[in-house]
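Asks: From the sequence below, what's the structure:
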Amino acid sequence: MPKDSPALLTVRDAAERLNVTPRTLKYYEERGLVSPSRSEGRYRLYDEHDLEQFSRILRLRALGFSLHGITEMLKRPLEQVGEGRRRYSQESLQQIADALAQQIETLDTRIAAVRRELKEAQTVRAELADDLDYLQRRLAGEPSDQLIEQRLAATRRRKAGMAGKPAEPAGKAREDDESA
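Replies: Residues are numbered from 1 along each chain as shown. This is a model prediction of the structure:
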């Protein structure tokens, strides 16, 4: 940045310097990646450090890193490698890798829980749909004995399909269902 530039920039000026929209800068602030100072009137003011941080974020995004990955990377310091260049140390890279692996593990656990919950919800939905079908057909005048026998046969087929076992005899299933 030129030496004659002001020490603090407004959102519009900072966005112009970085070739992004002001909304982009506000978004990264909302995500906790940058914390600009504020004027007395509560306007955001960006200093050179903030602009460097934004540049780093934008480079990492351009390389395809997720915001979670960038957040982990920003927690780690860069080391000088000469000629003004900086990079992550092996230790920092390992810490970033460990943190991202932990996040993936946590998400995998959440995904498994959501899949179980979804399966349960689908089962309940199917049962409710069967109940609704029965009631609509009864309201349409179909005989209850015939509908009950169809429901019991469908339940036996469904249970046999899920358990990989043959369906229960008709009399046993009827006794179980009619007592409910």
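Asks: the domain parsing of this protein - what is it?
Replies: The chain breaks down into these domains under automatic domain parsing: 1-64, 117-178.
Asks: what's the average pLDDT for the longest helix seen in the chain?
Replies: Identified as the longest helix of the chain according to DSSP state H is helix 90-139. The average pLDDT for helix 90-139 rounds to 92.
Asks: now the domains of the chain as CSV including mean neighbour count and distance to residue 108?
Replies: Every residue, glycine included, has its C-beta placed from N, CA and C. Output for the domains of the chain, formatted as CSV (neighbours: other CB atoms under 10 Å; distance: least, CB to CB, whole Å):
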stretch, mean neighbour count, distance to residue 108
domain 1-64, 14, 21
domain 117-178, 12, 15
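Asks: For residue 104, which of those is the nearest?
Replies: domain 1-64 (16.2 Å; CB to CB).
Asks: if we can go back for a sec, averaging pLDDT over each of the domains of the chain, which comes out lowest?
Replies: Lowest mean pLDDT within those: domain 117-178, a mean of 79.
Asks: ok, residue 65 to residue 155 distance?
Replies: 51 Å (CB to CB, to the nearest Å).
Asks: Equivalent analysis for residue 7, please.
Replies: Residue 7 is 75 Å from residue 155, by CB to CB.
Asks: ok, now residue 64?
Replies: For residue 64 relative to residue 155 (CB to CB), the value is 50 Å.
Asks: Ok, residue 147 next?
Replies: Where residue 155 is concerned, residue 147 sits at a distance of 12 Å (CB to CB).
Asks: and what of residue 111?
Replies: 31 Å.
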